[in-house]
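Undergrad: Sequence and predicted model, in that order:
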Amino acid sequence: MGKINRALKNILTGPDNALDIRNLKYLPRWAVLLIDIGLVTISTVLTFFIVVDLSPFLYKLLSFYEKTLIIVGVNILFFIVFKTYAGIIRYSSNIDALKLLLATVSTFFSLVALNYATFYLVGEKIFLIGGLLINLWISFSLLFLFRLGVKQAYEYFKIIQKNESLIRAVILGADENAISIAGALEIEHPKRFKIVGFLTSDSHKSLRILDKPVLRHTKKINKEVSSLGADAIIFSENSFTPEEKFKLVEECLEHDIAVYNAPLVSSWDGEQPLANNIKTLQIEDLLEREPIQLEVQNKIEQLTGKTILVTGAAGSIGSEIARQVAEYNPKRLIILDQAETPLHNLQLEIESRFPDLDFRAIICDVGNQKRLDLMFQNQNIDVVYHAAAYKHVPLMESNPHEAVFVNIHGTKNLADLAVKYGVGHFVMVSTDKAVNPSNVMGASKRAAEMYVQSLYHEQLNHGEPKTKFITTRFGNVLGSNGSVVPLFKKQIEQGGPVTITHPDIIRYFMTIPEACQLVLEAGAMGKGGEIFVFDMGEPVKIMDLAIKMIKLAGYQPNKTIKVRITGLRPGEKLYEELLNDECKTLPTHHKKIMIGQDVVRNYEMINEKIIKIIKSANKLKDDKVVAKLKDLIPEFKSNNSSYERLDNLTEIKRD
């Protein structure tokens, strides 16, 4: 008996032994039905005493117990029909009240029908009509008050909770989505937010929603939030432009107001509490620009019914390209990478999402020319999206030969085979670090750009090109492997410090879907030999990015989370460029996409120099590799690197 008492105490009380009815699980359906039957029985007994007191006349056809069984039985029938017992009582709504009303009214009319049917058959009624009306009123009242009482008791215990620190929040918006979010947050347990009001751009006077005030949002959002006694704001609508949202968040962070993002209720899967889907605002939410609207028809013509090869498919860019290509119903999709596990994961994902797609996953290093040749020979490829590359600046600065093997030799292998086997389009993914490169990684990508462009023009010299070579060039990609944003997130989660190489360093940013849309669009619109660049908006100062991310996570920069300056890494520069001084730009049909027309280089000269670079790499002679890269790319000037000494050499020693 003692064990049972202790268990019951643990269920009903919290850690401080205070009564906490919120810890009770919801009643099972059969229990609710039994309680409802009990309440109907009580209402029948009460009705009998009231009728007896009001009128001495009662029908004698059936006894009181038989009448009670009929009334209760008919009520049970309609409880089952309308499923009045199916809902969770503490979440009862107007729909549940309507079900109760329908059940009790249906019971009344059924008993009236039985009453008159008996009268016509045997000449005597069973119930007084007035008694049935009284029973209807009492039974509905008891059933409704039972649910209302449970709900209010549950709400009461939520209000007096002592062990849960609630975030007092204001919802920005007063539309249906905002109201739904506020209502859902109010009934959730354990509670995370206490909604104290709404802010809206519409003009309202003395308006209240869910018994909470609605204020008109002006330019001083911090004062409005403060007037409602809140310390957080929840974005619930998508009507703000990125610029407007950025300004609002800037003001909130400046006044230490926490900022959260709420999902659209229509997109909520319901598997987790809604409060769990309300996340602190992510830096990606602020850096995203207006969504790019690109043409679909040209990509349909480019991809549908074609055999598509995506190299570097295990990476963040390559995998997203593969996902987007799969949407266009290609004849066959081939994904290629040397990273086994992420390639396998992508294979499982695509097979699951696109079960009817003809699909191949190939483990291969792009430096393996013989393996690539066999693949091209067997697959009849129409389009290549070349995203395979080494991209980490410090690592490539320490291992120049590896940058050559993948970024230069791998690209040369693929490009040569594309021409040999008549591939229609070859789209190369490049980087802004290839412009006026200051590191080996950027120089290797620039060498690859030069090779594919010269190879295209070499085809032009001999007639109509078999293969259109197209280059896409963009900046840092949010969320990609090795990107600064995931690094900062991890450092913040670990309590800091957040490390920045230089306080003045700036970078362009774009999202992974944006980058991959650019790649597909370039492949569709490219005529050959172009470098497509993207209008990436204003560059972002990395120091500001770090400060905002720390604040968005709820911490104080340089107090709870330190920011540490580590110094520029080898080959790193303060800012990146998308075009060099010699490159001219032309507009396209889309204002966000430009074509960079670079100076055409002689294929024989470039091919000869690249072959020499590859030979030096095979001999693992890093100095010679870098020196020959500088010979190929005169604008390549090493920055903060041991290879700076090679910039002053006037002659390159030959093997």
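TA: Cool, got the structure.
Undergrad: any idea of the pLDDT on the residue nearest to I138 when sequence neighbours are not counted?
TA: Nearest-residue entry for I138: S43, 4.1 Å, with adjacent residues in sequence omitted and distances by CB to CB, 6 or more residues apart in numbering. Any C-beta I mention is one placed from the backbone N, CA and C, and that applies to glycine too. pLDDT, S43: 85.
Undergrad: list the helices and strands the helix or strand containing S43 packs on?
TA: For S43, the host element (DSSP states H and E) is helix 29-54. With contacts taken as 3 or more CB pairs under 8 Å, 6 or more residues apart in numbering; DSSP states H and E, helix 29-54 sits against helix 64-82, helix 129-159.
Undergrad: Least reliable of these by average pLDDT, please.
TA: Among the helices and strands packed on helix 29-54, helix 129-159 carries the lowest mean pLDDT (a mean of 78).
Undergrad: If I take the helix holding S43 and helix 64-82, what angle do their directions form?
TA: Here the directions of helix 29-54 and helix 64-82 differ by 140 degrees (axes from the mean of the first three to the mean of the last three CA atoms, to 10 degrees).
Undergrad: list the contacts for the residue nearest to I138?
TA: Shown in contact with S43 (CB atoms under 8 Å, 6 or more residues apart in numbering): 135, 138-139, 142.
Undergrad: hang on, the earlier thing: right, so of the helices and strands packed on helix 29-54, which gets closest to D365?
TA: Among the helices and strands packed on helix 29-54, the nearest to D365 by CB to CB is helix 129-159 (59.6 Å).
Undergrad: tell me the angle the closest one makes with helix 64-82.
TA: When the same axes, to 10 degrees is applied, the directions of helix 129-159 and helix 64-82 differ by 50 degrees.
Undergrad: Check which helices and strands helix 129-159 sits against.
TA: Counting by 3+ CB pairs under 8 Å, 6+ apart, helix 129-159 packs on helix 29-54, helix 94-122.
Undergrad: one more time with 10 Å, if that's ok
TA: In terms of contacts (3 or more CB pairs under 10 Å, 6 or more residues apart in numbering; DSSP states H and E), helix 129-159 is packed against helix 29-54, helix 64-82, helix 94-122, helix 176-187.
Undergrad: which of the residues in it are buried?
TA: 131-132, 134-136, 138-140, 142-144, 146-147, 150-151, 154, 157-158 (16 or more other CB atoms under 10 Å).
Undergrad: Please, where are all the strands along the stretch 351-500 of the chain?
TA: Using DSSP state E, counting those that start in this stretch, the strands of the stretch 351-500 of the chain run over 359-363, 383-386, 425-431, 468-474, 476-478, 498-500.
Undergrad: Domains in this structure, by residue range?
TA: Using automatic domain parsing, the domain parsing of the chain gives 2-159, 167-281, 297-632.
Undergrad: Any regions of the stretch 501-650 of the chain where pLDDT drops low?
TA: Regions of the stretch 501-650 of the chain meeting the criterion pLDDT under 70 cover residues 508, 510, 535-538, 554, 570-592, 597, 649-650.
Undergrad: which residues of it fall in helices?
TA: Applying DSSP state H, counting those that start in this stretch to the stretch 501-650 of the chain gives helices spanning 512-525, 542-552, 603-618, 622-632.
Undergrad: What residues sit buried inside the last one?
TA: Judged by neighbour count using 16+ other CB under 10 Å, the buried positions of helix 622-632 are 622, 624-632.
Undergrad: Tabulate the residues you listed (JSON lines), appending distance to I80.
TA: Compiled in JSON lines, the buried residues of helix 622-632 are given as follows (distance: CB to CB, whole Å):
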{"residue": "D622", "distance to I80": "81"}
{"residue": "K624", "distance to I80": "87"}
{"residue": "V625", "distance to I80": "81"}
{"residue": "V626", "distance to I80": "82"}
{"residue": "A627", "distance to I80": "87"}
{"residue": "K628", "distance to I80": "85"}
{"residue": "L629", "distance to I80": "81"}
{"residue": "K630", "distance to I80": "85"}
{"residue": "D631", "distance to I80": "87"}
{"residue": "L632", "distance to I80": "83"}
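Undergrad: ok, these vs A182, which is closest?
TA: Comparing the buried residues of helix 622-632 against A182 with CB to CB places L629 closest, at 59.8 Å.
Undergrad: In this model K637 seems to touch the closest one, though I could be wrong.
TA: No. The criterion here is CB atoms under 10 Å, and L629 misses it with K637 at 11.3 Å.
Undergrad: Report the set of residues contacting both of these two.
TA: 437, 443, 643, 646 (CB atoms under 10 Å, 6 or more residues apart in numbering).
Undergrad: most surrounded residue in those?
TA: Among the shared contacts of L629 and K637, A443 has the most neighbours (other CB atoms under 10 Å), with 32 neighbours.
Undergrad: Double-check it against T431; I have them as touching.
TA: No. Counting by CB under 10 Å, A443 does not reach T431; the two are 11.1 Å apart.
Undergrad: shared neighbours, the two?
TA: Here A443 and T431 have 407, 437 as joint contacts, going by CB under 10 Å, 6+ apart.
Undergrad: Below-threshold pLDDT in the stretch 151-300 of the chain: ranges please.
TA: When residues are selected by pLDDT under 70, those of the stretch 151-300 of the chain lie in 154-165, 187-191, 202-206, 218-219, 237-244, 263-296.
Undergrad: All the helices of it, residue numbers only.
TA: So, for the stretch 151-300 of the chain - with DSSP H, counting those that start in this stretch - the helices run 176-187, 221-227, 242-254, 283-287, 297-303.
Undergrad: Export the ones you listed as TSV, with columns for distance to L215 and mean neighbour count.
TA: Below are these laid out as TSV (distance: least, CB to CB, whole Å; neighbours: other CB atoms under 10 Å):
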stretch	distance to L215	mean neighbour count
helix 176-187	13	19
helix 221-227	5	17
helix 242-254	15	16
helix 283-287	24	18
helix 297-303	46	16
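Undergrad: Cheers, nothing more for now.
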